[in-house]
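Trainee: Need coordinates for the following:
(one chain, ligands or ions: 1)
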Amino acid sequence: MDLCRAARMTGSAVIDETRDRREPAAPPSAGDSRAYRDVLGRFATGVTVVTCAAPGGPIGMTVNSFTSLSLDPPLVMWSPAKSSHRHAHYSAAPRFAVHVLHAGQQAVADGFMRSAEAFHDVAWTAAPDGLPLMENCLARFVCQRVAEHDAGDHTIMIGRVTAAEGGEGEPLLYFRGRYTAVA
Ligand SMILES: Cc1cc2nc3c(=O)[nH]c(=O)nc-3n(C[C@H](O)[C@H](O)[C@H](O)COP(=O)(O)O)c2cc1C
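Mentor: Just a heads-up that it's a prediction; the model follows:
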């Protein structure tokens, strides 16, 4: 652990280990949940909104579990929590669209964190199958859902990218539980 300091969790506190410690801390248990999430939060991510067509209309969810999986074929993944009320809709939808948010879209992220139907302040169009496509994002990936894997309290959704578009601007970032921007 020369370059990266381990964090040990006791109760709700996260304690930095000294640099000379060789063994990582014990694996986190359910009781350490808050502290464990705090450690995970040190991994800075971008912020996306993943949309799909649901029986009641378009839905979206603010998501930072998005990542690229494969270039050939072009595969991406993200993971909805099984506890989410929106989970079943993404599981049933043959397609989803991932919208990478730019630095000026924090309100969009807030909206889709709170509600699946936060399309009121967003410019969007519906594809012929009803898939909601938001405009003015930093990037957009339209995906065919090709696999779903059980992963603890989440499900890994894998999509094959059928269209990818990039825009200009700085990304919205998420770090230690807060939105931030490139310095
Ligand atoms: C920055 C950020 C990233 C998030 N990433 C995910 C994610 O990857 N997977 C997930 O299930 N929920 C994620 N959420 C939570 C959802 O946006 C949303 O709040 C949650 O689905 C609400 O529960 P509901 O679907 O039951 O209404 C994230 C929230 C924020 C603010």
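Trainee: didn't residue 64 look like it was pressed against residue 49?
Mentor: No. Assessed by Cβ atoms under 8 Å, residue 64 is found out of contact with residue 49, at 10.5 Å. To be clear about C-beta, it is placed using only N, CA and C from the backbone, and glycine gets the same treatment.
Trainee: Just want to know which of the two has more residues nearby.
Mentor: residue 49 (27 against 16; other Cβ atoms under 10 Å).
Trainee: Other residues contacting whatever helix or strand that one lives in?
Mentor: Using DSSP states H and E, residue 49 falls within strand 48-54. Strand 48-54 has contacts (Cβ atoms under 8 Å, 6 or more residues apart in numbering) with 58-64, 66, 78, 80, 89-90, 92-93, 95-101, 108-109, 112, 116, 124, 126, 129-134, 137.
Trainee: Go again with 6 Å.
Mentor: For strand 48-54, contacts defined as Cβ atoms under 6 Å, 6 or more residues apart in numbering pick out 60-63, 66, 78, 89-90, 93, 96-100, 112, 130-132.
Trainee: among the residues you listed, which are in reach of the ligand?
Mentor: 61-63, 78 (Cβ under 6 Å from any ligand atom).
Trainee: Same list, those, but as TSV with neighbour count please.
Mentor: What follows is these, written out as TSV (neighbours: other Cβ atoms under 10 Å):
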residue	neighbour count
61	24
62	18
63	22
78	22
